[in-house]
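J.: pasting the sequence and the predicted model now:
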Amino acid sequence: MTSEINWLEGGTITSPKGFTAGATYSGIRTYTEDKLDLGIVCSESVCTVAGTFTKNAVKSPSVVLDQQRVATGRAQAVVINSGIANACVGEQGMTDAIEMAALAAAKLGLEAELVLACSTGLIGVELPMGLIRSGTDKIEMHEDGGHELARAICTTDLVSKEAAVSFEVDGVTYTLGGIAKGSGMIHPNMATMLAFLATDAPVDGAYLQTSLSRSVDCSFNMISVDGDSSTNDTVLLLANGAAGGSAIDASSPGADAFQAALDAVCADLAKAIARDGEGASKLIEVVVENAMNESDARVAALSVASSMLVKSAIHGADPNWGRIIVALGYSGAQVKEELVALYINDVCIMEGGRPIPYFKDAVVLSMSGTDVSLRLNLGLGDASATAWGCDLSEEYVTFNSAYTT
């Protein structure tokens, strides 16, 4: 039986017991009032750790370092900078990533190998280690510092992204919280996004990795803003067991409750990324039902959510449903046209493979809001999947035409 999930108002990565965080402005990014660009999250004790990383063949040395350290199964802190990606800078990139982690470790009094380092921002520029050295010294750690850290990891994001839930296992209440950044260059598998998650549940390392991989597949790997995948994508999950209780593994009674909590937080953060897509004004949710299998449901939902023509139509509140069906058809999923039903904001547009009468003005009006739902019933099986995207606007093109200038 799955425990009830309770959303925590103002929840963040430091909502779980035993975690602190802090951030500062170090000078990596152009100064504006209240801007932050360097931060740390730390556990009071060594954690089990899990991670998922970009599948781009070109990886930031920070990603490579974290992959090596996550493979040990142990970590205690993460240091993150925004503004510069530490990618495509040669051997210096690994030297700087190692030093960045060591600086945070020295500040916190930890073993350097227990600290992970992440970067996000402009590719092809070396990290300004002088600024990072002085900036690390200025960071003050707080129990509510997750809010600062959520701001510090942002680049083109318009809003910070935070969430936390509590759940119960055998009478013990656990908390799981997280933060994320991402706005542009977003496409499976993850992209120009970072997400950091923490829990005070005592989770076995192997199960932690299995759970995270599953949650990422259903959340961060199901969002699309613009079709690009990046060099730095990272999701990290730390579990310190500070709330006590018995260890949770795949065979534990609390396994399902933990997975449900992790799924909920990851999905919430993923939707926040899609909603905050560069230049976006609408969140698109694509639900595919009754597909032949889960793989078909996933590729179909992602195909529709990623279609530039669908995104453009939704930006203009145009119920051009032919574009949706075309994206479904080329997705690679098994589709029988005569069985397909399509709903836009729960208004049936097509059924049995044929268009049906609907009041167009009402649908246009409903599509003028900030959330647009597309639901496709394939009529072939019982598998389903959900993907999220955003509309494509003139502002997206304008912004990205002058990103470095």
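T.: On my side now, so go ahead. Numbers count the residues shown, from 1 in each chain.
J.: CA atoms for contacts and neighbours, from now on please.
T.: Will do.
J.: who are the contact partners of residue 136?
T.: The contact partners of residue 136, by C-alpha atoms under 8 Å, 6 or more residues apart in numbering, come to 24, 38-39, 103-104, 107.
J.: immediately after the helix ranked longest in the chain, which helix or strand?
T.: Ranked by number of residues, the top helix in the chain under DSSP state H is helix 255-275. Downstream of helix 255-275, the first helix or strand assigned by DSSP states H and E is strand 283-291.
J.: quick one: average pLDDT of that following strand?
T.: If you average the pLDDT over strand 283-291, you get 96.
J.: counting contacts, what elements does it pack onto?
T.: Applying 3 or more C-alpha pairs under 8 Å, 6 or more residues apart in numbering; DSSP states H and E, one finds that strand 283-291 contacts helix 255-275, helix 294-306, strand 371-377, strand 383-390.
J.: pull out the buried residues from that strand.
T.: 283-291 (16 or more other C-alpha atoms under 10 Å).
J.: closest one of those to residue 300?
T.: Residue 300 has its nearest neighbour among those in residue 288, at 7.0 Å by C-alpha to C-alpha.
J.: pLDDT below threshold where in the chain?
T.: 1-2, 183-192, 225-229, 277-280, 393-405 (pLDDT under 70).
J.: regarding it, what is its longest strand?
T.: strand 38-53 (DSSP state E).
J.: now do it: which elements does it pack against?
T.: Using 3+ C-alpha pairs under 8 Å, 6+ apart, strand 38-53 is in contact with strand 19-24, helix 61-70, strand 74-84, helix 129-138, helix 146-152, helix 205-218, strand 234-239.
J.: of the contacts of residue 136, select the buried ones using a PyMOL command.
T.: Restricted to buried positions by 16+ other C-alpha under 10 Å, the PyMOL selection for the contacts of residue 136 reads:
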select buried, resi 24+38+39+103+104
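J.: out of the contacts of residue 136, who's nearest residue 174?
T.: Looking across the contacts of residue 136 and measuring by C-alpha to C-alpha, the closest to residue 174 is residue 39, at 24.9 Å.
J.: and the closest one, how far from residue 378?
T.: 46 Å (C-alpha to C-alpha, to the nearest Å).
J.: for residue 149, give me its contacts.
T.: 21-23, 38-41.
J.: distance to residue 216 added to those, as TSV?
T.: As requested, the contacts of residue 149 are exported to TSV (distance: C-alpha to C-alpha, whole Å):
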residue	distance to residue 216
21	23
22	26
23	26
38	25
39	23
40	22
41	21
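J.: buried subset of those residues as a ChimeraX selection?
T.: To isolate the buried ones among the contacts of residue 149 in ChimeraX, judged by 16+ other C-alpha under 10 Å, type:
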select :21,22,23,38,39,40,41
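J.: before we move on, back to that, how about the helices and strands packed on strand 283-291 in JSON lines, adding mean neighbour count and distance to residue 315?
T.: Formatted as JSON lines, those follow (neighbours: other C-alpha atoms under 10 Å; distance: least, C-alpha to C-alpha, whole Å):
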{"stretch": "helix 255-275", "mean neighbour count": "23", "distance to residue 315": "13"}
{"stretch": "helix 294-306", "mean neighbour count": "25", "distance to residue 315": "13"}
{"stretch": "strand 371-377", "mean neighbour count": "21", "distance to residue 315": "10"}
{"stretch": "strand 383-390", "mean neighbour count": "26", "distance to residue 315": "8"}
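J.: distance to residue 193 added to those, as CSV?
T.: Output for those, formatted as CSV (distance: least, C-alpha to C-alpha, whole Å):
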stretch, distance to residue 193
helix 255-275, 8
helix 294-306, 17
strand 371-377, 22
strand 383-390, 14
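J.: nearest to residue 134, of the ones you listed?
T.: From those, taking C-alpha to C-alpha, the stretch that ends up closest is helix 255-275, at 30.8 Å.
J.: relative to residue 55, how far out is the nearest residue to residue 57 once chain neighbours are set aside?
T.: In space, and not counting its chain neighbours, residue 57 is closest to residue 231: 7.9 Å by C-alpha to C-alpha, 6 or more residues apart in numbering. As defined by C-alpha to C-alpha, residue 231 lies at a distance of 8 Å from residue 55.
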